[in-house]
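Colleague: kindly generate the corresponding structure for this input.
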Amino acid sequence: MSMLPILLPISRLSTDPHQRHAQLRDYFCDKDAVACVQGNQWLLELGWSNEAERYVDPRLDEGLAWWGLVEYREIAIARKRRGRLLLTLNDTWTLESWSQWLQKQPGRSHADVVVLHVDDHKDVGSPRLFQQGEGWCDPISGKVVALDQPDSVTQAIESGALGMGSFLTPFLHFAPGADVRHLCQAPKCVTTVDSVVKPVWINDTLLVPSMQRPAIKLVQDATGVGPGRYRFTNDLETWLEDVALCGKDILLHIDMDYFCNRYDGDSDFIENPGPLDIPLERVLARIDKLSAALQRHQLIERLVDITIAFSPGFFPAEYWAPTCDRLLIGLGEVPWHD
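Modeller: Just a heads-up that it's a prediction; the model follows:
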């Protein structure tokens, strides 16, 4: 897709190449950004990385061979759809899947949905979208983004405006009455915390500091679940409390790093693995436990959309193949065969 030229004042970025690299990596997150001086401005060029080191995992090629990819730059856009099920590598594509579901709900209240978020991360960072009237603009492509228009969401992911770590934020702005249940493992979650979801706006930090971007503030509140609330828990039964009784559609997002987050996107973890580096047998047991809980609460048939993300650089690539069909069968899906 065509991109607008990204020009910044010289003062906006550090002249030190290491600091400038850190600034750009922090802002653009998924995409590699290269800054070159053009007159008295910086000219930025964005692209998907084709370097294995970007994805940390030394056994990445094993997972890609199973998936069927030959180039690392394809990781960012890789996804496979079948009915209500989306398999993806980067979990940003969850928002595209939800957008496709939203497009099929004309005239319905978007509060009538439960989001089951299974992940080692909250994913409520601020995406690179600018407020424009009652909607959003992608500052990288210059195009309008609307969650009930899936093509616009797809384009915003491809441009880098929407990325990992922030895909829940625009959805909760669009559907602030969603009932969000986030299942997370220790050490990131060791108890249950209930919060009210507050859609807010924050100033941009690089491209146009005068523009505002959507953000989410979770305000801890008294115990309880329901519309406009966010439950963060490590307990399966607490996670699914009263979901069977509410009668609402359910969007299920599973980031496989919930089961094992060996690397957490950090190359230091290759030498010193994180606390969620567990063997395959325990990962499979956790998958069975999750599936059994959903079956026990009779929720499998209520899942209107299922997204499973394998998260290169987080969930070990050599686990992708043996865990995929195990999880699909547990969710009432047939094994995946291309």
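Colleague: name the residues of stretch 33-48 that come out as buried.
Modeller: 33, 35, 41-42, 44, 46, 48 (16 or more other Cβ atoms under 10 Å). C-beta coordinates here come from the backbone N, C-alpha and C atoms, glycine included.
Colleague: can I get it in CSV, CA atoms only?
Modeller: Provided in CSV are the C-alpha atoms of stretch 33-48 (Å, rounded to 0.1, in the frame of the first residue of the first chain):
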residue,chain,number,x,y,z
ALA,A,33,12.2,2.6,10.7
VAL,A,34,15.3,4.1,9.1
ALA,A,35,15.8,7.9,9.4
CYS,A,36,17.9,9.9,6.8
VAL,A,37,18.6,13.6,6.8
GLN,A,38,16.9,15.4,3.9
GLY,A,39,17.7,19.1,4.1
ASN,A,40,16.6,20.3,7.6
GLN,A,41,14.3,17.3,8.2
TRP,A,42,14.4,13.6,8.8
LEU,A,43,12.9,11.4,6.2
LEU,A,44,11.6,8.1,7.6
GLU,A,45,11.4,4.8,5.7
LEU,A,46,9.3,2.0,7.2
GLY,A,47,9.4,-1.7,6.4
TRP,A,48,8.9,-5.2,7.8
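Colleague: who touches that stretch?
Modeller: 3, 5-10, 12-13, 20, 24-25, 27-28, 30-32, 73-77, 140, 159-160 (Cβ atoms under 8 Å, 6 or more residues apart in numbering).
Colleague: now that stretch, how far from the chain's geometric center?
Modeller: Centroid separation for stretch 33-48 versus its chain: 27 Å, with Cα atoms, centre = their mean, to the nearest Å.
Colleague: if we can go back for a sec, among the buried residues of stretch 33-48, which are located in strands?
Modeller: Secondary structure defined by DSSP state E assigns 33, 35, 41-42, 44, 46 of the buried residues of stretch 33-48 to strands.
Colleague: in the residues you listed, find the pair that's most separated.
Modeller: Gln41 and Leu46 (15.9 Å; Cβ to Cβ).
Colleague: all the helices of the stretch 201-338 of the chain, residue numbers only.
Modeller: Using DSSP state H, counting those that start in this stretch, the helices found in the stretch 201-338 of the chain span residues 236-239, 243-246, 280-296, 320-330.
Colleague: just checking, what packs against the second one?
Modeller: Using 3 or more Cβ pairs under 8 Å, 6 or more residues apart in numbering; DSSP states H and E, the elements in contact with helix 243-246 are strand 113-118.
Colleague: between helix 280-296 and the strand it packs on, find me the angle.
Modeller: On the basis of axes from the mean of the first three to the mean of the last three Cα atoms, to 10 degrees, strand 113-118 is oriented at 160 degrees to helix 280-296.
Colleague: contacting residues around strand 113-118?
Modeller: Contacts for strand 113-118 (Cβ under 8 Å, 6+ apart): 123, 168, 171, 175, 178-183, 239-240, 243, 246, 248-255, 258, 290.
Colleague: all the helices of the stretch 1-150 of the chain, residue numbers only.
Modeller: Assigned by DSSP H, counting those that start in this stretch, the stretch 1-150 of the chain shows helices spanning 17-28, 60-67, 94-103, 150-159.
Colleague: is Asp255 bridged to anything, and to what?
Modeller: Taking DSSP bridges as the rule, Asp255 bridges to Ala309.
Colleague: distance of Phe259 from Ala293?
Modeller: Distance from Phe259 to Ala293, counting by Cβ to Cβ, to the nearest Å: 14 Å.
Colleague: again, but for Met256
Modeller: 17 Å.
Colleague: ok, the two, which is more surrounded?
Modeller: Met256 (25 against 17; other Cβ atoms under 10 Å).
Colleague: fine by me, we can end here.
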